[in-house]
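Engineer: Whatever this is, show me its structure:
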Amino acid sequence: MRYALAFLVNVILPWVAYRLALPGLGTEGALLASAVPLCIWLCVDLARFSHFDALSAIVLAGILISTCVLALKPANWLLQSRAPLVSGTIGVLFLLSLLLRRPLVFYLARSTLSRERQGREREFDAMWQNRPQLVRSIRLMTAVWGIGLVSENALRLWVVNSIDIEHAGRDSNWIGYACYGGLTVWTMLYRRMYLRRQQGQP
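Structural biologist: Take a look at the predicted model:
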């Protein structure tokens, strides 16, 4: 139920808000409307569990970046480049977070565990302090996602600027789907491998 609620808040509700607002408010207004469910969720999550949902924060950041790009009234090629620019910016944030004591994937993992059972985020905090191998794995995942998103951004920008506009958006979207799908599958397999390795240790 917690995972279903996360999917509802981060995907379904923003999409519904966007579609409902688009006819009357235009693209920019519809994007801002799609951010409303995320803002409400972040406030409720913070008030109820005393932590913020990192996944919702990243989705919200992507919406705000898209809105800023549109507000600048860009040329057509830049408008086509909006989605890859958003993913590339988030990829850079992943890489920059490696300079911090706790990288971005730490907060994503913490939010994911909090959905499985209330109080698991505190257990995760304790494991972070006591298990160096967990710290290494989280940093590796942050680096892989950062490099993957930046690479996806570069490839999609090349596609948008190298082929005709009619097909650029479609091809760019397929590249994005393949990148996110590949990163998601890798994350699931790596997490499973990590858990199996830990279960084999005393």
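
Engineer: List the residues that contact Ser97.
Structural biologist: For Ser97, the set of contacting residues under the criterion of C-beta atoms under 8 Å, 6 or more residues apart in numbering consists of Pro103, Leu104, Val105, Thr142, Gly146. Yep, even glycine has a C-beta here, placed from its N, CA and C like the rest.

Engineer: From the contact counts, what lies against the biggest helix by length in the chain?
Structural biologist: When the chain is scanned for its longest helix (criterion: DSSP state H), the result is helix 13-49. With contacts defined as 3 or more C-beta pairs under 8 Å, 6 or more residues apart in numbering; DSSP states H and E, the packing partners of helix 13-49 are helix 54-71.

Engineer: Direction-wise, compare the helix it packs on with helix 13-49 and give the angle.
Structural biologist: Here helix 54-71 points in a direction 140 degrees away from that of helix 13-49 (axes from the mean of the first three to the mean of the last three C-alpha atoms, to 10 degrees).

Engineer: sorry, back to before: going by neighbour count, which residues of the longest helix of the chain are buried?
Structural biologist: For helix 13-49, the buried set under the neighbour-count rule, 16 or more other C-beta atoms under 10 Å, comprises 13-14, 17-18, 21, 30-35, 37-38, 41-42, 45.

Engineer: Now do that helix: distance to the chain's middle.
Structural biologist: Its chain's C-alpha centre and that of helix 13-49 lie 16 Å apart, by C-alpha atoms, centre = their mean, to the nearest Å.

Engineer: Residues in contact with stretch 12-22: which ones?
Structural biologist: Stretch 12-22 is contacted from outside by Gly29, Ala30, Leu31, Ala33, Ser34, Ala35, Val36, Pro37, Leu38, Val59, Ile63, using C-beta under 8 Å, 6+ apart.
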